[in-house]
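Trainee: Below is the sequence, then the predicted model.
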Amino acid sequence: MDTKTGAIIGAGVGIAILLLWPKGTEAGKGSLTGVVTDEATGNPIAGATVVLESLNTSTNSSGGYSFNNIEPGNYLVTVSKTGYTTKGEQMLINAGANTLDVVMTVVTIDNTLTGTVTDSVSGLPISGVTVTIQNATDITDASGQFGFTGLQTSPPNWPITFTKAGYTTRTL
């Protein structure tokens, strides 16, 4: 202020408000980003499918994914990849940036299946029966027993086929 004239010779009061939204997201809408990793190694999982209601995308080489312009609300986010257990997470999407990192578990491949094949009339064990499950085959021994190891757990209902000349082929 100039004390001689009592006038303001320099003034400027400004208020700037800057609202930031994630790149590619409209005001009032949300975005969802995250990284999908392997539980055992901590490494990113590339090529996993991430589904948000009717939207879907795949993770990049760094395990990252993103969705933009999402209406705020509750959503089911599902992540899947061959060889891993599918994960589903409920997520509240708010306006602005939201993050959901997902840790995936490798499907166990060390299941064992054993059994005995018997004649439905006599109840006696049958040797030489070809038993097939997944892409594996075993032949029953003299006591009608068969066994498999290293079976995948997914899908959970693999058909098992029993075949021997003189008997009806059976698939369970």
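Mentor: Yep, it's here. Numbers count the residues shown, from 1 in each chain.
Trainee: what about the residue most central in space within the chain, distance to residue 124?
Mentor: Most central residue of the chain, judged by C-alpha distance to the mean C-alpha position with CA atoms, centre = their mean, is residue 80 at 2.4 Å. Distance, residue 80 to residue 124, by CB to CB, to the nearest Å: 46 Å. Where you see a C-beta, it was placed from the backbone N, CA and C, and this is true even at glycine.
Trainee: One more: residue 87?
Mentor: 48 Å.
Trainee: So between these two, which is more surrounded?
Mentor: Neighbour count, other CB atoms under 10 Å: between residue 87 and residue 124, residue 87 has more, with 17 against 9.
Trainee: which SS class is the residue lying closest to that one once chain neighbours are set aside?
Mentor: Excluding its sequence neighbours, the residue lying closest to residue 87 (CB to CB, 6 or more residues apart in numbering) is residue 79, at 4.8 Å. Secondary structure state of residue 79, per DSSP: H, G, I helix; E, B strand; the rest coil, is strand.
Trainee: Over to residue 168?
Mentor: Residue 168 carries the three-state label coil when classified by three-state DSSP.
Trainee: on contacts alone, who are the packing partners of the host helix or strand of residue 32?
Mentor: Per DSSP states H and E: residue 32 is located in strand 30-38. Contacts defined by 3 or more CB pairs under 8 Å, 6 or more residues apart in numbering; DSSP states H and E place strand 30-38 against strand 49-52, strand 64-70, strand 87-93, strand 96-99, strand 102-104.
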